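Student: this is a predicted model, with the sequence first.
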Amino acid sequence: MEYHFQLVQQLKEKIGADSILREEKSNWNPNEYILTVRAADIRKICEFLKKQKGFLWMMDICGVHYPEREENFEAVYHLYNKDNNKRIRLKVPHKEGTKIPSITSVYKAANWFEREAYDMMGIFFEGHPSLTRILCHHKFVGHPLRKNYSATANQVLDAPEVFEFPPMPPPHNDHEDILTNQRTVLNIGPSHPATHGTFRWFVELEGETIIRSKAEIGYLHRCFEKMAETHKYQQLLPYTDRLNYLSAPMNNSGYCQAVERMLGVTIPLRAQYIRVILNELSRVIDHLVCIGTTAVDMGALTTFWFCFRQRENVYELFEKLCGNRMLTSITRIGGVYGDLDEDWKRQCRGVLVTLRETVEEVDKLLSNNKIWLNRMKDTGVVSKEMAVDYAFTGPCGRASGIDYDIRKAEPYYDYDKFDFDVPVSTDGDNFARYYLRLEEMRQSIRIVEQALNKLPDGPTTISNPLVVLPPKSEVYSNIEALMNHFMLVIEGIKPPKGEIYSYSEAANGELGFYIVSDGTGYPYRVKVRPPCFPIYSSFEDVVQGGLIADAVATLGQFNVIAGELDR
Amino acid sequence: MKTLTPLEQLPLFTTQIKAFINWTRKNALWPLPFGTACCGIEYMAVVGSHYDVSRFGAEVVRFSPRQADLLIVAGTITEKMAPVLRQVYEQMPEPKWVLSMGVCASSGGFYRAYHTVQGIESIVPVDIYVPGCPPTPEAVIQGIMKLQEKIAKGDTPSQRLLEKKKMAERSSDQVQSVAQGDSH
């Protein structure tokens, strides 16, 4: 509190007393502070916070539309200071059409986030290098997340976008070689094996070296955030699965955690442990797919078979518990739906043994493999400064030397009771990312083992009738339970009016949910902070000057998942 | 030393050339996985070591549409992606088939939203729909087997179209030869 008070005083002295319109405390997070600021001063405030106060991380930018207010739009910024674990949320209310100073000159990560806010909400950022659409297609008219845009108003596109680089003077080299003496413009994707389905880059090559590149995303923009506004809180759960579909349970638990924090409920310990087990298992299989598919792109098909064989075993566990292999949706707001029995635990222990074997096998197959080393070492290097500027979190950030893991920094779900290490590397290249993922898998297996051993008894959901459905046996035999069931399904869970930014450590980094509630059963606004969105926004910078083949390895090791990138 | 069975002792059977060609076509499907989302990952599991779609002769995955005859649309198709899908389909040689994997590709699924195509049949003709979100690998394999049955019968639209084209060519040849005969 003291810290925040001082910070606001300093801000008022430096920027001007009238630039801060309102100060609030976060109702659940003691480390977070909320400031409502004047639109014209946002860049100065960000500059001050970054340079003087150590808020080096720009986690998220989003817009919220309030049609009934006079200042009907709000841009929301989330900043983070790793040194003392403080967060600041800056809210900038403004009238439609007002130009807000862009903060891309302060934080590089702001580039794509501002483009997204423009695309979705129509918020203009003055001074942005190219404020164009990012998720919707280039002929889209209107801004879909505004409240007056219908969720079902499709706009058909007839032909894919053709991109042209701005002209540049020809290369000045004396080579006779025609390959290095002229530039080639190449379009890669979106249907290309190395782009994993939905990414598209335009690259300009000199020989095989990338001179300029442009990454285009949005080919899997399936409107998660609009769907969130048209569904109730509990109905949104299956949609969250399909954000990062490689590790679906983590998105479930991240979303449920956000709503639970809003409601102010704590789930039973047993439910927390079940979530930990599912989360860590899915972290392992997420990393397995990442390594396996990168290996395929590098030409090592065997690793892929090894990884996918093991993934099947974990899928079997999920299927046994949830009924679905991949997109489990087993987490509920207020707990988990299923329960682990002895048989499941026994099978899980067996799977852990084979998982550990597979990790070692992959280690043996790749870590000393000459081809793999040549392809991965010193390619796609991201320095620590660059990683911070682009708001890297998760394995990619830790591979660049950022010692940040939310499980350690702000333990949730009893993560502080488990004995595990957070691997960190300072190399920042593709090999570091790969090796770090191997080590993370080992640590995750350790966590699952401990959680299985320590799994406490008790209920798996809270017994609040306003949050959790009564058990089916009650519903069929008891009129109160039936009415409770009916009301909860029809009306939905109603978190109190307010907003929350809740975050958890997903397989790729910080998965944040910014939820605005207006007190009804439907969320007013849900913004996901996908961990790979800022990571992928650095891609153009990272691959510049490298070989095009190395860009493929870099993309593989960034582990960009289209589902959460485009939402 | 024993040799292979001499040719004259081989059991002979007669068949139509059409049936033989369809038999070869059904057992050598070369899929192009147009995987965009969750279903794409599940398709990897179908190809992977556990389910192994090569048992059904459909494992030679080709990412070039020129080399593929089965387009597997695995995942949500958005409005931005739709023209790309059309282009990929048009680049494939005849005869070609489309398998729509999962509800997103088949009908838009639960994404009734402004940027999601509500079913790919508005872009490409579909031969087999596989339901599920995502479908289990067993379901995908069943879809491939159903498609093989259709191909063996020769009653997929693509095959019929090819047949019609050939007939038209043949009849135009005949007309030409008749016309030439008249002139002499």
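Tutor: That came through, no problem.

Student: next secondary structure after the lowest-mean-pLDDT helix or strand in chain A?
Tutor: Lowest on mean pLDDT, DSSP states H and E among the helices and strands of chain A sits helix A:178-181, with a mean of 63. Tracing the chain past helix A:178-181, the next element assigned as helix or strand by DSSP states H and E is strand A:183-188.

Student: and that following strand, what does it pack onto?
Tutor: Counting contacts by 3 or more CB pairs under 8 Å, 6 or more residues apart in numbering or on different chains; DSSP states H and E, the secondary-structure elements packed against strand A:183-188 are strand A:200-206. (C-beta placed from N, C-alpha, C; glycine too.)

Student: run the chain-centre distance for the helix or strand containing residue A:524.
Tutor: According to DSSP H and E, residue A:524 maps onto strand A:523-529. The gap between the average C-alpha position of strand A:523-529 and the chain average comes to 13 Å, counting by CA atoms, centre = their mean, to the nearest Å.

Student: got the contact list for residue 26?
Tutor: Picking chain A for this. For residue A:26, the contacting residues are A:32, A:33, A:34, A:89, A:500, taking CB atoms under 8 Å, 6 or more residues apart in numbering or on different chains as the criterion.

Student: meant chain B actually
Tutor: Contacts were defined as CB under 8 Å, 6+ apart; by that measure residue B:26 touches B:57, B:147, B:148, B:149, B:151, B:152.

Student: quick check: the farthest pair among the residues you listed?
Tutor: The distance between the two most remote of the contacts of residue B:26 (CB to CB) is 13.5 Å, for B:57 and B:149.

Student: neighbour-wise, which of these two wins?
Tutor: For the pair residue B:57 and residue B:149, the greater number of neighbours falls to residue B:57 (15 against 10), based on other CB atoms under 10 Å in any protein chain shown.

Student: pick out the residue of the stretch 401-550 of chain A closest to chain B.
Tutor: Distances from the stretch 401-550 of chain A to chain B, computed as CB to the nearest CB, single out residue A:507 as the nearest residue at 13.3 Å.

Student: that residue - nearest residue in space that isn't next to it in sequence?
Tutor: Spatially, and ignoring its direct neighbours in sequence, residue A:507 is nearest to residue A:286 (3.8 Å; CB to CB, 6 or more residues apart in numbering or on different chains).

Student: among the helices and strands of chain B, which has the poorest mean pLDDT?
Tutor: Min over SSEs of chain B, mean pLDDT, DSSP H and E: helix B:157-183 (a mean of 77).

Student: and stretch A:59-78, how far apart are its ends?
Tutor: In stretch A:59-78, first residue to last residue: 5 Å (CA to CA, to the nearest Å).

Student: residue A:61 reaches residue A:117, doesn't it?
Tutor: Yes - in this structure residue A:61 lies within contact range of residue A:117 using CB atoms under 8 Å: 5.6 Å.

Student: show me whatever sits in contact with both of the two.
Tutor: Among the neighbours of residue A:61, those also in contact with residue A:117 (CB under 8 Å, 6+ apart) are residue A:75.

Student: quick one: low-confidence residue ranges for chain A.
Tutor: Under the criterion pLDDT under 70, the flagged ranges of chain A are A:1, A:170-181, A:197.

Student: mind giving me the domain ranges of it?
Tutor: Following automatic domain parsing, one finds the domains of chain A at A:2-126, A:224-566.

Student: just to revisit the earlier point, so if I had to pick from residue A:61 and residue A:117, which one is more boxed in?
Tutor: residue A:117 (29 against 26).

Student: give the contact list for the nearest residue to residue A:137 once chain neighbours are set aside.
Tutor: The shortest distance from residue A:137 to any residue other than its chain neighbours is 4.0 Å, reached at residue B:80 (CB to CB, 6+ apart). Neighbour list for residue B:80: A:136, A:137, A:157, A:160, A:218, A:219, A:221, B:115 [criterion: CB under 8 Å, 6+ apart].

Student: tabulate these in TSV, adding columns for secondary structure.
Tutor: Below are these laid out as TSV (DSSP: H, G, I helix; E, B strand; the rest coil):
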residue	secondary structure
A:136	coil
A:137	coil
A:157	coil
A:160	coil
A:218	coil
A:219	coil
A:221	coil
B:115	coil
